[in-house]
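Engineer: Model the following, please.
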Amino acid sequence: MTRPLIIGLTGSIGMGKSTVAAMFEERGVPVFDADAEVHRLQGPGGALLPAIEAAFPGTTGPDGVDRPALGAQVFGDDAALARLEAIVHPAVAAARQAFLIEHAGQPLVVFDIPLLFEKGGAAQVDRVVVVSAPAEVQRARVLARPGMTAEKFAQILARQVPDADKRARADHIVDTGTSLAATRAAVGALVEELRKFRG
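Structural biologist: Numbering: from 1, shown residues only. Next up, the predicted model:
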């Protein structure tokens with residue numbers, strides 16, 4: 001059975017990855033959003049709540065995971081973060097597999113994975129698309145987010161593979177430092193190229 005060409009979409013914080021993922025969807029390419037899946041699994045009635053509450057008491061409630069409370073328990077604690085990832089990652093992988101089965105007849109699918117390189121996910125996709133913008137554009141976007149500080153931004157960046165390294169390892173780069181129209185056109189051209197490649 002043929003399967004879709006799997007595109008791994010990634011990019012550092014503030015690079016515009018979510019915007020680019022939506023542009024792929026506009027072009028009819030199914031997108032699996034790993035972050036959205038995590039939110040669903042950890043939301044009200046989410047499948048992971050019992051395991052998370054058992055590992056991190058007091059971090060869940062009727063509204064799902066209390067993100068600030070859970071964040072306080074894992075932020076800066078590598079062992080705690082590893083415990084949380086051991087709960088979350090297998091569930092996300094199972095959901096991704098189900099998504100792939102559901103869209104088996106499509107020529108292309110996108111896996112939107114923020115930490116594609118950091119967590120070794122690049123080996124599980126056929127092509128890697130990195131979303132990138134100049135550092136000053138990235139910084140301005142991120143610091144405009146509610147509750148974001150320069151210190152928090154620096155800590156997040158420290159955990160991510162540098163943008164230059166991501167660009168060097170990419171099969172394709174989408175530049176979001178330009179206008180939305182230019183980015184949309186670039187994504188459209190890339191979708192056509194990948195469909196031909198799948199041909």
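Engineer: Tell me, how many residues neighbour the nearest residue to D165 once chain neighbours are set aside?
Structural biologist: Using CB to CB, 6 or more residues apart in numbering and skipping the chain neighbours, the partner closest in space to D165 is F117 (7.5 Å). In short, each C-beta sits where N, CA and C put it, glycine included. By the criterion of other CB atoms under 10 Å, F117 has 21 neighbours.
Engineer: just the strands in this protein please.
Structural biologist: Taking DSSP state E, the strands of the chain run over residues 5-10, 31-33, 60-61, 64-65, 108-112, 127-132, 172-175.
Engineer: Report the separation between the residue nearest to D165 and A168.
Structural biologist: Going from F117 to A168 by CB to CB, to the nearest Å gives 10 Å.
Engineer: ok so, going back, tell me which of the strands of the chain lies nearest to G76.
Structural biologist: Checking those against G76 by CB to CB gives strand 64-65 as the closest, at 18.2 Å.
Engineer: quick one: strands adjacent to that closest one?
Structural biologist: Here strand 64-65 has these sheet partners by DSSP bridges: strand 60-61 (antiparallel).
Engineer: Residues contacting the partner strand, please?
Structural biologist: If you take CB atoms under 8 Å, 6 or more residues apart in numbering as the criterion, strand 60-61 is touched by L49, I52, E53, D66.
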